[in-house]
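Colleague: Provided below for reference: sequence and predicted model.
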Amino acid sequence: MLTHPTLDTLHALGLHGCAKGFKDLAADTAATALSHAEWLGLLLDHEVTLRRQKRFEARARRAKLRQSAAVEDVDYRAARGLDRSLFLKLATCQWLRDHRHLILCGPTGVGKSWLACALGHKACREDFSVLYHRVPRLLAALDLARGDGRYAKLLASLARADLLILDDWGPEPMAADHRRDLLEIVEDRCGRGSLLITSQVPVDRWYEIIGDPTLADAILDRIVHAAYRIDLSGDSLRKRRPEQIEEA
């Protein structure tokens with residue numbers, strides 16, 4: 001069998017998964033019993049698996065998630081009021097397909113950012129594009145972009161993501177420019193994308209943070225009524241001994 005020329009051809013065609021599968025099968029004596037169709041099927045399986053992995057890795061890099069977290073590692077034993085059935089439902093990512101939102105509220109240290117990143121990681125695995133931003137830094141970036149002509153481009157990049165994670169919303173009141181920024185971000189996602197917002201501030205106090213009643217109505221009407229809610233409580237998980245901490 002012309003193993004090396006075949007491998008070279010597969011690599012030249014960009015079929016690196018097929019090439020790896022071909023090499024593995026050629027080294028497996030049991031593979032001689034396979035039919036041509038079975039060989040081809042296994043090669044294609046290798047190719048599909050490799051391409052899916054590369055797409056996931058690219059999406060995860062672009063997402064820039066704050067923490068390395070996975071939905072399989074969620075600690076449901078922690079006393080913080082996490083609804084296991086709801087979280088498992090969210091982990092299917094159907095809410096992203098439906099263009100719904102998620103609000104995660106609770107005191108500092110109960111794992112809001114970790115859970116948000118876990119859902120972002122799962123979204124990347126399900127082939128959704130994700131962007132993670134801490135709200136204070138995003139607002140600062142928008143201020144800079146407003147001054148140097150990149151504002152429209154930055155807003156467009158936020159709008160393209162299937163899931164936009166806005167971590168650490170509040171508690172400081174918003175400036176007028178930031179209220180308008182948030183309205184643009186939310187408006188761009190209506191019926192086209194999902195938001196995941198984490199906050200230490202309960203939703204019923206978000207009007208105070210936004211400040212302007214008219215803009216607050218416009219913003220929250222587009223978020224809250226189309227959102228799942230998770231309200232966490234309890235002591236900070238960071239108070240536990242380091243060997244006990246699975247998430248932060």
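Modeller: Now that the structure is in, tell me what you want to look at.
Colleague: the domain parsing of the protein - what is it?
Modeller: Domains of the chain are assigned by automatic domain parsing as 3-62, 64-244.
Colleague: Tabulate those (JSON lines), appending mean neighbour count and mean pLDDT.
Modeller: Quick note: C-beta positions are derived from backbone N, CA and C, even for glycine. Shown next, in JSON lines, are the domains of the chain (neighbours: other CB atoms under 10 Å; pLDDT from 0 to 100):
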{"stretch": "domain 3-62", "mean neighbour count": "14", "mean pLDDT": "78"}
{"stretch": "domain 64-244", "mean neighbour count": "17", "mean pLDDT": "92"}
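Colleague: show me what contacts Thr49?
Modeller: Thr49 makes contact with Gly17, according to CB atoms under 8 Å, 6 or more residues apart in numbering.
Colleague: and it, which of the three is it?
Modeller: Classification of Thr49 using DSSP: H, G, I helix; E, B strand; the rest coil returns helix.
Colleague: residue nearest the centroid of the protein?
Modeller: What sits nearest the mean C-alpha location of the chain, by CA atoms, centre = their mean, is Gly120, with 2.0 Å.
Colleague: pretty sure that one is in contact with Ala63, am I right?
Modeller: Yes. Counting by CB atoms under 8 Å, Gly120 touches Ala63, with 5.8 Å between them.
Colleague: Which neighbours do those two have in common?
Modeller: 130, 132.
Colleague: So Asp168 belongs to a strand, correct?
Modeller: Yes. Counting by three-state DSSP, Asp168 is part of a strand.
Colleague: what's the spacing between it and Gln67?
Modeller: 13 Å (CB to CB, to the nearest Å).
Colleague: list the residues that contact both of the two?
Modeller: Ser113.
Colleague: tell me the secondary structure for Leu164?
Modeller: Going by three-state DSSP: Leu164 is strand.
Colleague: Tell me the spacing between it and Leu195.
Modeller: Distance from Leu164 to Leu195, by CB to CB: 6 Å.
Colleague: give the contact list for Lys122.
Modeller: Counting by CB under 8 Å, 6+ apart, Lys122 has contacts 70-71, 91, 93.
Colleague: can I get those residues in CSV with distance to Lys112 and secondary structure?
Modeller: Output for the contacts of Lys122, formatted as CSV (distance: CB to CB, whole Å; DSSP: H, G, I helix; E, B strand; the rest coil):
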residue, distance to Lys112, secondary structure
Ala70, 16, coil
Val71, 15, helix
Ala91, 16, coil
Cys93, 19, coil
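Colleague: wait, isn't Glu172 in contact with Ile209?
Modeller: Yes. Glu172 lies in contact with Ile209 (CB under 8 Å); the separation is 7.4 Å.
Colleague: re earlier: what sits in contact with each of Leu164 and Leu195?
Modeller: Arg189.
Colleague: And for Phe128, nearest residue in space, chain neighbours not counted?
Modeller: Asp162 (4.0 Å; CB to CB, 6 or more residues apart in numbering).
Colleague: In this model Cys124 seems to touch that neighbour, though I could be wrong.
Modeller: No. In this structure, Asp162 is not within contact of Cys124 by CB under 8 Å, at 9.8 Å.
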